[in-house]
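In: I would like to see how this sequence folds:
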Amino acid sequence: MIEETVRYSCRSCGSTNIIRNGRNKRGNRQYHCRDCGVYRVLRPKERYTAGDKAQILRAYRERMNLRGLEDYVAQMPTLPDTLLPVEAGDVLEMDELVSFVSKKWFKRWLWTAQCRRTLQIVAYAIGDRSQDTGRLMRQAVPDAYKRYPCYTDHWEAYTLFLPPDQHLPSGKATGLTAHQERWYNTLCQWLGRYTRKSLSFSKEDYYLVLVTRWLMTEHNLTIRASLTT
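Out: Okay, the predicted model is just below:
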C-alpha cells in the first residue's frame, strides 16, 4: 500500500503551527494559525491557473486582432443555422440601435428581429434607418418565422414593409419589445462599437458587420447549447 502525507502551512506567514478550525458556510475546511492568528481555508479552490490569468490579462490589454476575428467568424455557422426549431405561438420583437462608422455624423443603424421564446436573434441588417434597411432585415428572417406576429415600436418605417395583419406596433411602456431592448443593453456592454462614449468605433462598415455577426452567432449558440443539454 502507498500512503502519501500532505503537510500544510499557513498561507499568510508560512508557519506549520496550524490547527483545524471546522468548516465555513460553503463546507470548505478551515485552519487557525497559532503564530500569526489568521483563519483561512485549508485548500482554496483555484478558478484559474496562472497561465489562464496571464492569457486573460493579455487579451484584456490587447483585445482581439480583427484579422484573427475575421478568420474565426469565417468558420462560424450562419445565423439561421444557429436557431432552435420554430414552435407554434412564437412571436418576433423588432427594434433598431444606432452606431456610427468613422465619423459621428455617419450613422449606421442595426435592425434586429428576436424570437421572444428563445431570445435568439433570427435576423439582422445594418444600414440607415429607412425602410430599405428594414426590408433587408425582414428578407433575412427565415421563412419559418415570417408567418408569426411582429412587435415593434411606432417607427413609421415598419408599416412600409411588414404585413398589416402581422405588424403589432406598441409603445416602449407596454413592455412588448422589452426582450429586444434588454438585448441591446447587453450588446452595448459587450461591444464598444455600440457604446456612445467609446473609442472603439469602426472605421469601415465591414468591421462593424464582422463584430456584430460574431456576437450574435455566439449569443445564439450559447442559448442553443443551454436549451438542448
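
In: where does the protein dip in pLDDT?
Out: 46-48, 52-68, 196-201, 229 (pLDDT under 70).

In: so where do the helices sit in it?
Out: Ranges of helices in the chain, per DSSP state H, are 50-62, 66-74, 131-140, 178-190, 205-228.

In: ranking those helices by burial, who's on top?
Out: Counting by mean count of other Cβ atoms under 10 Å, helix 131-140 has the highest mean neighbour count of those, with a mean of 18. In short, each C-beta sits where N, CA and C put it, glycine included.

In: distance to residue 107 added to the helices of the chain, as CSV?
Out: As requested, the helices of the chain are exported to CSV (distance: least, Cβ to Cβ, whole Å):
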stretch, distance to residue 107
helix 50-62, 29
helix 66-74, 22
helix 131-140, 11
helix 178-190, 15
helix 205-228, 11
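
In: nearest to residue 160, out of these?
Out: helix 131-140 (4.1 Å; Cβ to Cβ).

In: residue 50 versus the nearest residue to residue 40 once chain neighbours are set aside, what's the distance?
Out: Nearest residue to residue 40 in three dimensions, chain neighbours excluded: residue 11, at 5.5 Å (Cβ to Cβ, 6 or more residues apart in numbering). Distance of residue 11 to residue 50, given as Cβ to Cβ, to the nearest Å: 16 Å.

In: next one: residue 166
Out: The value you get for residue 166 to residue 50, if Cβ to Cβ is used, is 55 Å.

In: alright, that wraps it up for me.
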